[in-house]
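This is a predicted model, with the sequence first.
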Amino acid sequence: MNLDVSNTLNVIEVMENFLERFRPDTETRKKLDFGYHIQNQSVFFMEIRPNYMNPDVIIESEIAKATYVKAKKQWKIFWMRGNLKWYSYHPKPFVNTFQEFIETVEEDEYHCFFG
């Protein structure tokens, strides 16, 4: 099941505004950038960078995930550990708005998203 239209539009608006502030300058983006994609009920926030061994290969590493729980009308927050599995973000496992998810990731109180 996919996000409804209003949630999708909200996600796009919030993410585009966030990325406008958060992304590095144009020259640095060749070496490090950030992006997102929407898949079903989830939004994935990722780091984009060239492969260390082969700079022609671009790697997208997902670092945060928000999944909309329609029954609760909340977003569940996940972070990816070194074992490449998603874990609930225990300082704040649920938020009411997608904007709160972005604020939580940006704050990164426990350094789970950006190390």
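Perfect, thanks for sending it. Numbering: from 1, shown residues only.

could you check the distance from Asn83 over to Val14?
Note on Asn83: its distance to Val14, by C-beta to C-beta, to the nearest Å, is 29 Å. For glycine as for every other residue, the C-beta is placed from the backbone atoms N, C-alpha and C.

cool, and Val105?
Separation of Val105 from Val14 (C-beta to C-beta): 11 Å.

quick revisit: the more surrounded of Asn83 and Val14?
Neighbours were counted for Asn83 and for Val14 using other C-beta atoms under 10 Å; Val14 has more, 19 against 6.

Now the element after the helix or strand harbouring that one, going C-ward?
In the assignment (DSSP states H and E), Val14 maps to helix 5-22. Sequence-wise, the next helix or strand downstream of helix 5-22 (DSSP H and E) is strand 33-39.

Give me the contact list for that following strand.
Contacts of strand 33-39 with the rest of the structure, by C-beta atoms under 8 Å, 6 or more residues apart in numbering, involve 3, 8, 11, 15, 19, 22-24, 43-49, 60.
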